[in-house]
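Show me how the following folds:
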Amino acid sequence: MGTEATRLVDEIRAQIRPVDERILNHPYLAALEDGRIRPEDLRTFAGQQYHIITSDLASFGRLLARHSALPSRSFLLGLIQGEAAALEALFKFAGALGLDQAGLENFDPIPGGHAYTAFVAWLSFHGSDAEVAAAFLVNLPAWGANCGRMSRALRQRYGLTPEQVGFFELFAQTDPAFEAGALGVIQAGLDRGIPPARISRAARLLQAYELMYWDAMAEAAGVAT
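From the prediction side, this is the model:
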């Protein structure tokens, strides 16, 4: 991996730190930990995630097809495998809430909660592998930390089993190899002439859409933000 990619990611992380703080300290999480999120609102969360993951699976497949001749194909394939595992785990979480796949399909996407995956779909048509790698590299730590808090709250406050919260545990567990792989993809993109400003923009936008997701879940649950 090159120092240019590392420096760029450090700059992006500094730029999005205020957004990260709002995500990590979101009122939705505090409400969940206090037991104030109703079961029907947890079902809404599951329904939104279903639409996000199924869309992201298609987006990652499209990215892999567009970049199949580049070394980033193994990184993109890893994203697909991760999303496929997340979808299987989501079915177990949804099942604990009384939802099957047909029930998940019936949830209409909430605009603020769907903006994240709509942007990923946009990137799959118009973005480079480097933009996607940077966006997810800086996005996943905050999402993973929030998933860890949700996993604990769902077990302690709502009585879910470890298997039923496996969806959240998948994201809460950090993969040390992911950052190295993402940095390699970013550096290769920079070496091909992908402008740093485009890479930075993609990452900043995705993190802003992540915050919109949590705001939308809070609004749907009647939690003040």
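
distance of residue 89 from residue 51?
16 Å (CB to CB, to the nearest Å). No exception for glycine: its C-beta is placed from N, CA and C like everyone else's.

do the same with residue 153
Going from residue 153 to residue 51 by CB to CB gives 23 Å.

where exactly do the helices run in this protein?
Using DSSP state H, the helices of the chain run over residues 3-24, 27-33, 39-66, 73-96, 101-105, 111-126, 129-156, 166-172, 176-192, 196-221.

Serialize those helices to JSON lines and add fields for mean neighbour count and mean pLDDT.
Output for those, formatted as JSON lines (neighbours: other CB atoms under 10 Å; pLDDT from 0 to 100):
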{"stretch": "helix 3-24", "mean neighbour count": "16", "mean pLDDT": "98"}
{"stretch": "helix 27-33", "mean neighbour count": "20", "mean pLDDT": "98"}
{"stretch": "helix 39-66", "mean neighbour count": "19", "mean pLDDT": "98"}
{"stretch": "helix 73-96", "mean neighbour count": "18", "mean pLDDT": "98"}
{"stretch": "helix 101-105", "mean neighbour count": "14", "mean pLDDT": "97"}
{"stretch": "helix 111-126", "mean neighbour count": "18", "mean pLDDT": "98"}
{"stretch": "helix 129-156", "mean neighbour count": "21", "mean pLDDT": "98"}
{"stretch": "helix 166-172", "mean neighbour count": "20", "mean pLDDT": "98"}
{"stretch": "helix 176-192", "mean neighbour count": "18", "mean pLDDT": "96"}
{"stretch": "helix 196-221", "mean neighbour count": "20", "mean pLDDT": "98"}
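
I'd like the distance between the nearest residue to residue 93 once chain neighbours are set aside and residue 54.
Distances taken as CB to CB, 6 or more residues apart in numbering put residue 167 closest to residue 93, at 4.7 Å, once the chain neighbours are dropped. Using CB to CB, we find residue 167 at a distance of 14 Å from residue 54.

what's the answer for residue 42, then?
19 Å.

Residue 171 against residue 142, yeah?
No - with contact defined as CB atoms under 8 Å, residue 171 does not count as touching residue 142 (10.4 Å).

gap between residue 81 and residue 173?
Separation of residue 81 from residue 173 (CB to CB): 15 Å.

for residue 104, that is, sorry about that
In this view, residue 104 and residue 173 are 24 Å apart by CB to CB.

Residue 90 too?
For residue 90, the distance to residue 173 (CB to CB) stands at 16 Å.

go on, residue 160?
Going from residue 160 to residue 173 by CB to CB gives 17 Å.

Compare these two and say which is more crowded by neighbours.
Applying other CB atoms under 10 Å to residue 160 and residue 173 shows that residue 160 carries more neighbours, namely 20 against 10.

which residues touch the residue nearest to the more buried one when sequence neighbours are not counted?
The shortest distance from residue 160 to any non-neighbouring residue, by CB to CB, 6+ apart, is to residue 154 (4.4 Å). Residue 154 sits next to 32, 42, 160, 164, 165, 168 when contact means CB atoms under 8 Å, 6 or more residues apart in numbering.

So for the fourth one, what pLDDT did the model give?
So that's residue 164. Reported pLDDT at residue 164 in the predicted model: 98.

Phi and psi next, for it.
phi -70, psi -20 (degrees, to the nearest 10).

That one contacts residue 95, doesn't it?
Yes - Residue 164 is within contact range of residue 95, at 7.5 Å (criterion: CB under 8 Å).

Quick check: the closest residue to residue 181 other than its chain neighbours vs residue 195, distance?
Nearest non-adjacent residue to residue 181, counting by CB to CB, 6+ apart: residue 75, 4.8 Å away. Distance, residue 75 to residue 195, using CB to CB: 20 Å.
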